[in-house]
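# For reference, the sequence and a predicted model appear below.
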Amino acid sequence: MAYSFPEEVLEYVFAFLSSHKDRNAVSLVCKSWYEIERWCRRRIFIGNCYAVSPQIVIRRFPEVRAVKIKGKPHFADFNLVPEGWGAYVYPWISAMVRSYPWLEEIKLKRMVVTDESLELLSKSFKNFKVLVLSSCEGFTTDGLASIAANCRNLRELDLRECEVEDLSGHWLSHFPDNFTSLVSLNMSCLGSEVSFSALERLVSRCPNLRTLRLNRAVPVEKLPNLLRRAPQLVEFGTGAYSAENQTDIFSNLVEAFSGCKHLKSLSGFWDVDPAYLPAMYYACTGITSLNLSNATVQSPDLVELIIQCPNLKCLWRERELIEDMTTQVLDYIEDAGLKALPSYCKDLQELRVFPSDPYGAEPNVSLTEQGLVTVSAGCPKLQSVLYFCRQMSNAALITIARNRPNLIRFRLCIIDPQAPDYLTLEPLDTGFGAIVEHCKELLRLSMSGLLTDRVFEYIGTHAKKLEMLSIAFAGDSDLGLHNVLSGCESLRKLEIMDCPFGDKALLANAAKLETMRSLWMSSCSVSYGACKLLGQKMPKLNVEVMDERGHPDSRPETCPVEKLYIYRTVAGPRVDKPNFVWTMDEDAVLRLS
Amino acid sequence: MSSPEEKTLILKSSDNEEFLVKESVAVQCITIKNLVEDGCDLDAIPLLNVDSKNLAWIIEFMEKYADSTSTDAEKKDFDTEFVKKPFNDVLGLILAANYLNFPALMDVMCDACANEMKLWSVEQVREKFHIQNDYTEEEEKAVRAENFWAFE
């Protein structure tokens, strides 16, 4: 029996399909479903801003309310993408201003955002509600002032690790007196001091404020006033957490924190004076996320924070404590601190340990692989790890793999490139091999240390669900790259630096590149000639050669290119390339030959 | 215990079966509510697009939802069991709920339908909805590429 479903009924059903994957699947069923779906899609996700153009997006989806766009490749975080590379949001904003007057939400990652873009968006989208900028740059506090002044319905302003030119803290005062809709404000990456009275008034008049992440410039003595005005806060980030010895600050803090009965997340903690940590204990009742990555607190104080607060113990009994705790700490936590974690944070899901002094010659803390092994043994829900350390062994990795087959993200950064197993001096192939073999649901892997082609054999054989792989200073030959490209069925993003991978594996696996979002290779051995060939062979890929030494034609064809960024696209070659990026396409090949 | 003034309606399915339902329960269907408010004075309200199988289920659902003593948790459990029907019946109930303009039932059934769809391939969706694929191979390839490359 064939049902003739009215359009509005199908729309009703589609409204319950929110994931991009499901919406995309719907559009493939038949042409009428494609039409219905495209008119009712409200949220779009663009994983690579150059994979599609604003015009194509707008033509297909005329009624969008929320966009999320990612720009530069991930290795931009390590300063590998030169200034002026691209990922400008302005063309997107100007196109959307014309076509999406009711746009409510913009989330950007690794894009260049100018004050002009911010001003344009603030004046054009009357119902604008959410702006989240992660690892973005290119704007100043003047741009923020436009947002504050013009976005009358703003709910979220979230600046995560952005590089903002801080002209003044005055931007915050641009929120009008009758502005009350703020739900979330994250200004933690800003440098300058905002007007404290403006901040206090803003917090007071926004009853729905649930996230407030201050910047370092907000001194600890200002916190009680803020917290008292916002006891409903769920996520809070302090500023600098120390002060000259003033006893009433401590008692004010205690009082203020104890009034915050809904806190689930704490962050901030620059310049921590351990004496002030206990002031927070009364608020730690429901804490699930603790970001101490700015806190240069020594291990015993951290352990105290985590375990010795009387209220924490109490609620541990009630099993509410630190569920799904995400812990981000500097390595000051040391092995001893990490060893304490499993006893008190049985539900830990994500752990990130950053280096406090990555360039120091000698270890300044005693953090070894043992800390991670202990956590992997004692925290059965641990699924996501980012761990910087100075030494690792195959034995430890094998133990971790066996303990935690449920890992989905594993990023290990051994600070010395090509450091071998410190016990046996062997490569770490078998260790990482064990990770991919046991952790069958692994989605993301970042490796370091001494690694040969062997590890790539293991990865190609076992890492069937792996979506993102980051490699540096690893492998011996093209066989390594070949194993990854031919074996990792789910691979979407591959980023490689300083590996001896060249033309052969890349050309042999050219078709694979159309099944991935992107491939980054820098300081490898891929020749200019191979890049041209690849560009010619694969017209749907943008094969971009990046070289700050000047046009690759000025060097022999066999010369390896400095950087290579390859991605699939429906938008053709970029039109906004800087003078150190060239797209290898048919035209280029003809022009240059 | 219903009060003497509590009105009972007779709902007649498309296959002429009659069902007695309290008015206060039946008006969850806005179509019925409108008929009642417009002063419909028919002996029985004919529901031409709803057969007895579906009407019986709809009444079961209406009565559960009109019951002020059932908690949210109980309703949720009820929903979970209620949607465990062959997919064709899920579709039938959606159409009936649409015809009767019954928002609560629409929500539950469409959510259930969507949950099934999430588990299926594109080919399976076509099969279950009895839809003919009218894309050419080229066209389908182009949409797939755009979907996966641009929007995922």
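Thanks, I have it.
# So which residues on chain B come close to chain A?
B:88, B:91-92, B:94-95, B:98, B:106, B:110-111, B:113-115, B:117-118, B:121-122, B:125-126, B:129-135, B:140, B:143-152 (Cβ under 8 Å from any Cβ of the partner chain). (Glycine included, C-beta is placed from N, CA and C.)
# Pull out the buried residues from those residues.
B:91-92, B:94-95, B:98, B:106, B:110, B:113-114, B:117, B:122, B:125-126, B:129, B:131, B:135, B:140, B:143-144, B:146-152 (16 or more other Cβ atoms under 10 Å in any protein chain shown).
# Output the below-cut-off pLDDT ranges for the chain.
Went with chain A since none was named. A:1-3, A:245, A:296-303, A:307-338, A:340-344, A:356-367, A:586-593 (pLDDT under 70).
# oops, I was thinking of chain B
For chain B (pLDDT under 70), the answer is B:1-5, B:41.
# ok, which stretches of it are strands?
B:8-12, B:18-22, B:45-46 (DSSP state E).
# Please, where are all the strands along the stretch 301-450 of chain A?
Assigned strands in the stretch 301-450 of chain A, in chain order: A:326-330, A:350-354, A:384-389, A:409-414, A:444-446 (criterion: DSSP state E, counting those that start in this stretch).
# Pull the distance from stretch A:101-113 to the chain's centre.
16 Å (Cα atoms, centre = their mean, to the nearest Å).
# Using PDB, write out the CA atom coordinates for it.
Output in PDB follows, covering the C-alpha atoms of stretch A:101-113 (Å, rounded to 0.1, in the frame of the first residue of the first chain):
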ATOM      1  CA  PRO A 101      17.500  37.900   7.500                       C
ATOM      2  CA  TRP A 102      16.300  35.600  10.300                       C
ATOM      3  CA  LEU A 103      19.600  34.000  11.000                       C
ATOM      4  CA  GLU A 104      19.900  33.400  14.700                       C
ATOM      5  CA  GLU A 105      23.100  31.500  15.300                       C
ATOM      6  CA  ILE A 106      26.700  31.600  13.900                       C
ATOM      7  CA  LYS A 107      29.400  29.200  15.200                       C
ATOM      8  CA  LEU A 108      32.900  29.500  13.700                       C
ATOM      9  CA  LYS A 109      36.100  27.600  14.200                       C
ATOM     10  CA  ARG A 110      39.500  28.600  13.000                       C
ATOM     11  CA  MET A 111      38.200  31.400  10.800                       C
ATOM     12  CA  VAL A 112      39.300  35.000  10.200                       C
ATOM     13  CA  VAL A 113      36.600  37.300  11.500                       C
END
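# Please see if that stretch touches chain B.
No: Stretch A:101-113 does not reach chain B (Cβ under 8 Å from any Cβ); its nearest approach is 14.7 Å.
# in that stretch, what's buried?
Within stretch A:101-113, the residues that count as buried by 16+ other Cβ under 10 Å are A:Leu103, A:Glu104, A:Glu105, A:Ile106, A:Lys107, A:Leu108, A:Lys109, A:Arg110, A:Met111, A:Val112, A:Val113.
# give me every residue that touches the residue positioned nearest the centre of chain A.
In chain A, the centroid-proximal residue (Cα atoms, centre = their mean) is A:Ser134; its distance is 7.4 Å. Shown in contact with A:Ser134 (Cβ atoms under 8 Å, 6 or more residues apart in numbering or on different chains): A:Lys107, A:Leu108, A:Lys109, A:Arg110, A:Arg160, A:Glu161, A:Cys162.
# thinking again about what came up before, which of the strands of the stretch 301-450 of chain A sits closest to chain B?
The minimum distance between chain B and the strands of the stretch 301-450 of chain A falls on strand A:444-446, with 16.6 Å, by Cβ to the nearest Cβ.
# helices and strands around the closest one, which ones?
strand A:409-414, helix A:429-438, strand A:468-472 (3 or more Cβ pairs under 8 Å, 6 or more residues apart in numbering or on different chains; DSSP states H and E).
# again, only this time at 7 Å
strand A:409-414, strand A:468-472 (3 or more Cβ pairs under 7 Å, 6 or more residues apart in numbering or on different chains; DSSP states H and E).
# The stretch 151-300 of chain A: helices as residue ranges?
With DSSP state H, counting those that start in this stretch as the criterion, the stretch 151-300 of chain A has helices at A:196-205, A:223-229, A:247-258, A:299-303.
# I meant to write chain B there.
B:23-26, B:30-37, B:52-66, B:72-82, B:87-100, B:103-118, B:122-129, B:137-150 (DSSP state H).
# distance between the fourth one and the chain's centre?
In other words, helix B:72-82. Distance, centroid of helix B:72-82 to centroid of chain: 15 Å (Cα atoms, centre = their mean).
# Check which helices and strands it sits against.
helix B:52-66.
# try the shortest one
Contact analysis of helix B:23-26 by 3+ Cβ pairs under 7 Å, 6+ apart lists strand B:8-12, helix B:52-66 as its packing neighbours.
# That helix: which residues count as buried?
B:Val25, B:Ala26.
# Output that helix as PDB, restricted to C-alpha atoms.
Output of helix B:23-26 as PDB, limited to C-alpha atoms (Å, rounded to 0.1, in the frame of the first residue of the first chain):
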ATOM      1  CA  GLU B  23     -16.300  14.600  24.800                       C
ATOM      2  CA  SER B  24     -13.600  15.800  27.100                       C
ATOM      3  CA  VAL B  25     -11.300  13.100  25.900                       C
ATOM      4  CA  ALA B  26     -12.200  13.300  22.200                       C
END
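# Residues in contact with it: which ones?
B:Lys7, B:Thr8, B:Leu9, B:Leu11, B:Ile32, B:Val36, B:Met62, B:Glu63, B:Ala66 (Cβ atoms under 7 Å, 6 or more residues apart in numbering or on different chains).
# Which among these count as buried?
By neighbour count, with 16+ other Cβ under 10 Å, the contacts of helix B:23-26 hold B:Leu9, B:Leu11, B:Ile32, B:Met62, B:Ala66 as buried.
# so which of these would you say is closest to A:Ala51?
Using Cβ to Cβ, B:Met62 comes nearest to A:Ala51 of the buried ones among the contacts of helix B:23-26, at 48.6 Å.
# so which of the helices of the stretch 151-300 of chain A comes closest to chain B?
Closest approach to chain B among the helices of the stretch 151-300 of chain A (Cβ to the nearest Cβ): helix A:247-258, 32.1 Å.
# what distance separates that closest one from the centre of its chain?
34 Å.
# Strands of the stretch 151-300 of chain A, residue ranges please.
So, for the stretch 151-300 of chain A - with DSSP E, counting those that start in this stretch - the strands run A:156-160, A:163-165, A:184-186, A:211-213, A:235-237, A:265-267, A:289-292.
# Tell me which of the ones you listed lies nearest to chain B.
Going by Cβ to the nearest Cβ, the one of these nearest chain B is strand A:156-160, 22.7 Å.
# rewinding a little: for the buried ones among the contacts of helix B:23-26, could you give me CSV that also reports distance to A:Asp585?
Shown next, in CSV, are those (distance: Cβ to Cβ, whole Å):
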residue, distance to A:Asp585
B:Leu9, 70
B:Leu11, 67
B:Ile32, 64
B:Met62, 63
B:Ala66, 66
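# in the helix or strand hosting A:Ser122, what counts as buried?
Using DSSP states H and E, A:Ser122 sits within helix A:115-124. Residues of helix A:115-124 classed as buried under the neighbour-count rule (16+ other Cβ under 10 Å) are A:Asp115, A:Ser117, A:Leu118, A:Glu119, A:Leu120, A:Leu121, A:Ser122, A:Ser124.
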